[in-house]
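Chemist: After the sequence you'll find the predicted model.
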Amino acid sequence: MTAVHRFAILAVCTANICRSPIMEALLRAELDPEKFEVASAGVQGWDRAPMDTMAAMELMRLGHSAKAFRSHAIDTYLVDSADLIVTATRKHRSDVLAANPHALRRTFTLVEFAALVELVDGDGPRALVAQAARQRSLAPPGIDIGDPYRRSPDVHRHTADQIDVAVRTISTRLNALVAAVG
């Protein structure tokens, strides 16, 4: 029996303790684990740190636990093995691409990719990513998710809600594509 390659998604933010762990948890919860795998990492090396307390509280508000989460620093393997890389900001996208320029056609901000999946079509997740890359200029302005670290609970809530909306859009589209191709 041949192993089926699951579509790999990597979520990236600064330290992997606020935004990208929320992205990871929500994507994992929304996507079929037999078809998708999700990881997260930070462009600054906070390896094995727990989630920020306020970010973890927001994740709990959204129905998910952060108890087992530990941060990871981004590395070449994670970038090379990802079929889709979603970042919190354009700066994170630039950081990923500085380390691996070949990842350009599969690296987007989360909000950017959410906007693009509503505008393009594909016959599967990889085709959708390729089509989104070709239509990147159609993405709206304001595609960054601000850093809530050491900010107020309201900022954390806004950040978590912004991530939740984008993840639901992306997940709905990806799930529909894998259901259509069987």
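Modeler: Everything's here; your move. Numbers count the residues shown, from 1 in each chain.
Chemist: what residue ranges in the chain score low on pLDDT?
Modeler: Residues of the chain that meet the criterion pLDDT under 70 lie in 1-4, 182.
Chemist: if I've got this straight, residue 63 is in a helix?
Modeler: No. Residue 63 is assigned coil when assessed by DSSP: H, G, I helix; E, B strand; the rest coil, not a helix.
Chemist: thought residue 43 was touching residue 12?
Modeler: Yes. Using C-beta atoms under 8 Å, residue 43 is in contact with residue 12, at 6.4 Å. Yep, even glycine has a C-beta here, placed from its N, CA and C like the rest.
Chemist: Between the two, tell me which one has more neighbours.
Modeler: The neighbour count for residue 43 versus residue 12, taken as other C-beta atoms under 10 Å, is higher for residue 12 (30 against 23).
Chemist: tell me which element that one falls in.
Modeler: In the assignment (DSSP states H and E), residue 12 maps to strand 7-13.
Chemist: Equivalent analysis for residue 47, please.
Modeler: Using DSSP H and E, residue 47 is not contained in any helix or strand.
Chemist: was I right about it contacting residue 73?
Modeler: Yes. Contact criterion C-beta under 8 Å: residue 47 and residue 73 qualify, at 5.0 Å.
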